[in-house]
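1. Here is the input, now give the coordinates:
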Amino acid sequence: MDQGKGMSKICSLSEAIAQFIHDGDSVFCAGFTHLIPFAAGHEIIRQGRRNLTLARATPDLIYDQMVAAGCAKKLIFSYIGNPGVGSLRIIREELEAGRLEWEEYSHFGMISRLQAGAAGLPFMPMNQTAAPDLEKNNPNIRRVKDPYSGKEVTTVPALNPDVGIIHVQRADANGNAQVWGILGEQKEAAFASRHVIITAEEIVEEEVIRSDPNRTLIPGIIVNAVCHVPHCAHPSYTQGYYDRDNVFYLNWDKISEDRANVNTWLEEWVYGLKDAGEYWEKLGAETHSRLAVKPRYAAPVNYGDY
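-> Just a heads-up that it's a prediction; the model follows:
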């Protein structure tokens, strides 16, 4: 893929993972409930990456699956669970057994770490959390003296992942990426990461992006690879494209009770499939229909012709 200005950065997801993610890297798969890049996580599993540091605000099912597949040595997070199913069983089991390193922050602490990383700062000051046990158990959360007021200020260190993976509704070939719906930490994660992989439901012409520039969350100048991956976010959702698959989340909670069942699922749904396209096809027409959403368009805006 050509990294030159204005040149296409389009490649397959497998090519992007092979080029930019290596054993021992730190990886941030962005998205808060919405736009979680599951297909990218599955490709990392498929390519057998090991000793990764996985960072997310909420690990969600994707990191449960990646930990189950043996990809991770460490987890950095701010809530280890899922609002639909509760505790993530595989991650919890590995943490309690001491087989997985971990760092925990508040949601605001995680975002502050990314903001520091994105700004090129060594740390970020923040208001004291309402969870003092986090400070007691995480030596990276430290207090310093405010040079202006003399009061103590809580700080967290910058987070600069080796690779940030961001799923979006649409992007052009140069990586200018647009998002609508619930926004999480995508922008902060992209600017903080050393390399950025964009997965998109659609690849569109530059003119489409230019027609509505305020939807552009991530500029192509910081993007290394653009991958056309429809349905990448399943079982989470992509606003305007498909709904959240709550049935899948509940089923995973049952599957993850038994490691043999987890391994069987990984063999059938990850290792046994070539890519996200085969995965979506395997889900079948009934699931496709259940997750389909009716169109509801926003009102147009007038940018003016200057």
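2. Please, where are all the helices along the stretch 51-200 of the chain?
-> With DSSP state H, counting those that start in this stretch, the ranges of helices along the stretch 51-200 of the chain come out as 60-68, 89-96, 107-119, 132-137, 186-192.
3. How many residues are close by the residue lying closest to residue 219 once chain neighbours are set aside?
-> Distances taken as Cβ to Cβ, 6 or more residues apart in numbering put residue 176 closest to residue 219, at 6.0 Å, once the chain neighbours are dropped. For the C-beta atoms, the positions are set from N, CA and C on the backbone; glycine is no exception. Residues lying near residue 176 (other Cβ atoms under 10 Å) number 25.
4. cool, and residue 138?
-> Residue 138: 15 neighbours (other Cβ under 10 Å).
5. what's in contact with the lowest-mean-pLDDT helix or strand in the chain?
-> Lowest on mean pLDDT, DSSP states H and E among the helices and strands of the chain sits helix 132-137, with a mean of 85. The set of residues external to helix 132-137 that reach it, using Cβ atoms under 8 Å, 6 or more residues apart in numbering, is 104-106, 109, 129, 141, 143, 154.
6. so how far is it off the chain centroid?
-> 26 Å (Cα atoms, centre = their mean, to the nearest Å).
7. Report the buried residues of it.
-> 134-135 (16 or more other Cβ atoms under 10 Å).
8. First-to-last residue distance for stretch 213-233?
-> Stretch 213-233 has an end-to-end distance of 24 Å (Cα to Cα, to the nearest Å).
9. Show me what counts as buried in it.
-> Across stretch 213-233, burial judged by 16+ other Cβ under 10 Å covers 215-218, 220, 222-233.
10. out of those residues, which are inside strands?
-> Residues of those located in strands (DSSP state E): 216-218, 225-228.
11. and which of these is nearest to residue 299?
-> Nearest to residue 299 out of these is residue 216 (Cβ to Cβ; 19.0 Å).
12. Report the contact partners of the closest one.
-> In this structure, residue 216 makes contact with 176-178, 209, judged by Cβ under 8 Å, 6+ apart.
13. pLDDT wise, what is it at?
-> At residue 216, the model reports a pLDDT of 98.
14. How about stretch 51-61, which residues are buried there?
-> By neighbour count with 16+ other Cβ under 10 Å, stretch 51-61 contains the buried residues 52-61.
15. Dump those residues to a markdown table, plus pLDDT and distance to residue 260.
-> Output for those, formatted as a markdown table (pLDDT from 0 to 100; distance: Cβ to Cβ, whole Å):
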| residue | pLDDT | distance to residue 260 |
| --- | --- | --- |
| 52 | 98 | 24 |
| 53 | 98 | 28 |
| 54 | 98 | 23 |
| 55 | 98 | 29 |
| 56 | 95 | 26 |
| 57 | 91 | 30 |
| 58 | 89 | 26 |
| 59 | 91 | 22 |
| 60 | 93 | 23 |
| 61 | 95 | 18 |
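16. Please flag which of those residues sit within strands.
-> By the criterion of DSSP E, membership of the buried residues of stretch 51-61 in strands covers 52-55.
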